[in-house]
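> Got a sequence here, can you build the structure:
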Amino acid sequence: MTTHDQDAKTLELPWPFTGREDELDLVRRALSGVRPGIVVTGPPGRGKTRLITEAARGLDCARVTGTPGTRGLRFAAFAHLLPDTVSLHRAVRLLSGVRLLVVDDAHLLDEASAALVHQLAVRGGTRLAVTATDGVPVPGAVSRLWTGELLPRLPLPPLPREDTDRLLATAGLEALTMSRLHRLCQGDLRLLRDLLGALRGSGALIRLPGGGGWAWRGPVPVTATVRERLADVLDRSDADERETLYRLAFAEPLPLALHGLDPDVLERLERDRLIAVDGHGSVRLAHPLHGPALRATAGPLQARRLARTPDRCEPALAVERAALERRLERHDVRAVPTPVGDWLLSEGLPVPGGYAAVRARYARLRGELREAAAWAREGLRAAPEDTDCRVELNLAAGQSGDVTGTGVWAAAAGGDLDGALERIAGDEVLALYDAVRLGAPERVAGRLTGDGVFARHADALARGDGPALDRAADALAERGFLLFAAEAHAQAVPVHRDPRAARLSRTRALALAHRCQGARTPALAGLVLGELTARQRQIVALAASGLSNRQIAERLTLSVRTVGNHLYGAYARLGTGDRAALPWLTDAATAEPA
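This is a model prediction of the structure:
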């Protein structure tokens, strides 16, 4: 039995299904063979419906959907599948021929429909694909699907940052705009789509010069979805609570001991999870979207009274920069809140070159290469002669595979590893560590002193110790150095004696490399082609040799469209959309040690 969806949700979304490979595979396996099905749960906007829809694509199924307006009507969700008057027993019999039943928004089912779904699960003849929202009341018959172990439950995590970026890249957005949208939406895809639609419709996206993509600078559009998500913040009835929230929105973080912050008000807001106090005694809003939404809804006089002007933000920006520099000195680049710099950027105000260079360096060391380059460009817009920003832009470009720059990483990108090593100079730890990343720890033997994580990485690589390289990678990742960690895992692959350990290192290296925004360094080069299908590798090799899609199609007896589809899939996996990068990738991969 095949039916059409009955509710207002559309399957034709503006973006292709992206990411979620592991979850999609899990759901597909749950809907095949003799398995009973699965329940997918998560907050609103997590993508539950889209995941189930993608997993059930091509399968013969019936679909029902819970809706809030019909919860008092018996069998309302099944009205298109059942007669007007029917008992639960007869309903079960009538649906016994359905091989797969998709139940969307099961938390909104009427009691009779919920009981019917439960009975179908008990009988076991119908596989069930069920979605339900976390944090809301759920009919007991639905919750017993997983608490009674009738069906396995998959709590859907937020879409990872790298997959969110892949979605947003289809809209041509620049790196800092993608970062801002990800920070505000926190994996809520419905909110993300809503905000992007509002930005497009209002003309708030501006084209950056030099092909830099579309950028968003300015206030958050307070759409109906934003108001729904932030009702607890935007609609506070207590005047003192509202004033405190608005003060934070315009000047967070604020010292806990600041005069005028009422402890009783703060405790109420903390109890409602609207604010958070960090270990340094500073108060912040609990969600990154709270501040922008409050600022966007403030009245003109209120905004004028509370607004942080560029001259007034200089001391706070200096404090923020100093905090980042202290972390860099300690070789710890884990994510930290940076509300002052983010505010400057979001308002479209000039970002001082010194601050922008620190942000670029911090992002680069975290492996966020596109973001690092974008911060460097922001600094150069305010200070065109800023040397540090130019250095950071060059370093980010070189580690993204750009051969047009100068220095260590541009030479490495061009395949001149000896030349790259010769360019390493100075005694600064991270400069010396470049030799380790390039696979030549002997060049800096004895100069990376102590038992720090960089020295441990160098020692493990020099000894060819795969397990020790993996341990160093874990320590690097814990400190936020995701690109360095990916490289260490990749270097462990060829020296592992156990093939299973080598495969695990490779998998972990790939997972981390995907989070590094197009990083293409020598240590990662051997990984890139191994994750493609055999046909994709064949087509990529021919494209790298200079053949056009039509020439490849003729050689392999395929259609030009099929060749294009294979290349599109390969680009997505390789983290590039640039055909010119393929020769570099294939040459580097073939140079990988056996």
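> List the residue ranges of this protein that fall below the pLDDT cut-off.
1-15, 211, 310-311, 526, 528-531, 572-594 (pLDDT under 70).
> Which phi and psi values does the residue of it most remote from its centre adopt?
Distance to the chain centre peaks in the chain at T85, reaching 48.0 Å (criterion: Cα atoms, centre = their mean). Main-chain dihedrals, T85, degrees, to the nearest 10: phi -120, psi 120.
> gap between it and A112?
For T85, the distance to A112 equals 12 Å [Cβ to Cβ, to the nearest Å]. Yep, even glycine has a C-beta here, placed from its N, CA and C like the rest.
> Same question for A445.
Counting by Cβ to Cβ, the gap between A445 and A112 amounts to 74 Å.
> ok, the two, which is more surrounded?
Higher neighbour count among A445 and A112: A112, with 21 against 12, using other Cβ atoms under 10 Å.
> Chain neighbours aside, what residue packs nearest to the more buried one?
Excluding its sequence neighbours, the residue lying closest to A112 (Cβ to Cβ, 6 or more residues apart in numbering) is R74, at 4.3 Å.
> didn't R359 look like it was pressed against A323?
No - R359 lies out of contact with A323 (Cβ atoms under 8 Å); the separation is 11.8 Å.
> Out of the two, name the residue with the larger neighbour count.
Neighbour totals were compared for R359 and A323, and R359 leads with 28 against 15 (other Cβ under 10 Å).
> OK, contacts around the residue nearest to A112?
By Cβ atoms under 8 Å, 6 or more residues apart in numbering, the contact set of R74 is 110-112.
> and it, what element?
R74 is part of no helix or strand, with elements assigned from DSSP states H and E.
> What separation do you get for it and P139?
13 Å.
> hey, which helix is longest across the chain?
helix 310-329 (DSSP state H).
> Now do the following helix or strand past it: everything it contacts.
Using DSSP H and E, the helix or strand that follows helix 310-329 towards the C-terminus is helix 339-346. Applying Cβ under 8 Å, 6+ apart, the contact partners of helix 339-346 are 176, 180, 183, 217-219, 252-253, 284, 291-292, 308, 310, 313, 316-317, 319-320, 350-351, 355, 359, 378.
> Put the alpha carbons of stretch 75-89 into CSV.
Extracted C-alpha coordinates of stretch 75-89, given in CSV (Å, rounded to 0.1, in the frame of the first residue of the first chain):
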residue,chain,number,x,y,z
PHE,A,75,-7.7,7.7,14.8
ALA,A,76,-7.3,11.2,13.3
ALA,A,77,-3.8,10.5,12.0
PHE,A,78,-5.1,7.4,10.2
ALA,A,79,-8.2,9.0,8.7
HIS,A,80,-7.0,8.5,5.1
LEU,A,81,-6.3,4.8,5.7
LEU,A,82,-9.3,3.7,7.8
PRO,A,83,-13.1,3.8,7.6
ASP,A,84,-14.9,6.5,9.6
THR,A,85,-16.0,4.1,12.4
VAL,A,86,-13.6,1.4,13.4
SER,A,87,-12.4,-0.4,16.5
LEU,A,88,-8.8,-0.7,17.5
HIS,A,89,-8.9,-4.5,16.8
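> For that stretch, buried residues please.
Residues of stretch 75-89 classed as buried: 75-78, 81-82, 86 (neighbour count, 16 or more other Cβ atoms under 10 Å).
> Contacts for that stretch, please.
Stretch 75-89 is contacted from outside by 1, 3, 6, 62, 64-67, 70, 73, 91, 94-95, 103, 109-110, 112-113, 115-116, 119, using Cβ under 8 Å, 6+ apart.
> If we use 7 Å, what do you get?
3, 6, 62, 64-66, 70, 91, 94-95, 109-110, 112-113, 115-116, 119 (Cβ atoms under 7 Å, 6 or more residues apart in numbering).
> Give me the subset of those residues that lies in helices.
91, 94, 112-113, 115-116, 119.
> Now render those as JSON lines, adding distance to G187.
Shown next, in JSON lines, are the ones in helices among the contacts of stretch 75-89 (distance: Cβ to Cβ, whole Å):
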{"residue": "A91", "distance to G187": "37"}
{"residue": "L94", "distance to G187": "39"}
{"residue": "A112", "distance to G187": "34"}
{"residue": "S113", "distance to G187": "29"}
{"residue": "A115", "distance to G187": "33"}
{"residue": "L116", "distance to G187": "32"}
{"residue": "Q119", "distance to G187": "34"}
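> of the residues you listed, buried ones?
For the ones in helices among the contacts of stretch 75-89, buried by 16+ other Cβ under 10 Å: 91, 112-113, 115-116, 119.
> nearest to A431, of the residues you listed?
The shortest gap between A431 and any of those belongs to S113, at 65.0 Å (Cβ to Cβ).
> Contact partners for that closest one?
75-78 are the contacts of S113 under Cβ under 7 Å, 6+ apart.
> Ok, A440 next?
L421.
> start at 47 instead
Fine by me, first position is 47 from now on; the one you just mentioned is A486.
> A458 versus that one, what's the distance?
11 Å.
> now for the ones in helices among the contacts of stretch 121-135, which pair is the farthest apart?
Longest span within the ones in helices among the contacts of stretch 121-135, Cβ to Cβ: L140 and A161, 14.5 Å.
> Just give me the residue right at the centre of this structure.
So for the chain, Cα atoms, centre = their mean, it's R207, sitting 0.8 Å from the centre.
> Grab the nearest non-local neighbour of that one.
H228 (5.6 Å).
> Toward the C-terminus from the strand or helix carrying that neighbour, list the very next helix or strand.
Element membership for H228 (DSSP H and E) is helix 221-231. Sequence order places helix 235-248 as the next helix or strand after helix 221-231, per DSSP H and E.
> Show me which parts of that following helix are buried, residue by residue.
Buried-residue list, helix 235-248, by 16+ other Cβ under 10 Å: 235-242, 244-245.
> any chance of those residues in TSV, with distance to R253 too?
Listed next are the buried residues of helix 235-248 as TSV, based on distance: Cβ to Cβ, whole Å:
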residue	distance to R253
L235	25
R236	27
L237	24
L238	21
R239	21
D240	22
L241	19
L242	16
A244	18
L245	13
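> Of the ones in helices among the contacts of stretch 121-135, which is the nearest to D286?
Using Cβ to Cβ, the ones in helices among the contacts of stretch 121-135 come closest to D286 at S159, 45.0 Å.
> which residue sits closest to that closest one, ignoring its sequence neighbours?
Nearest residue to S159, sequence neighbours excluded (Cβ to Cβ, 6+ apart): A123, at 4.2 Å.
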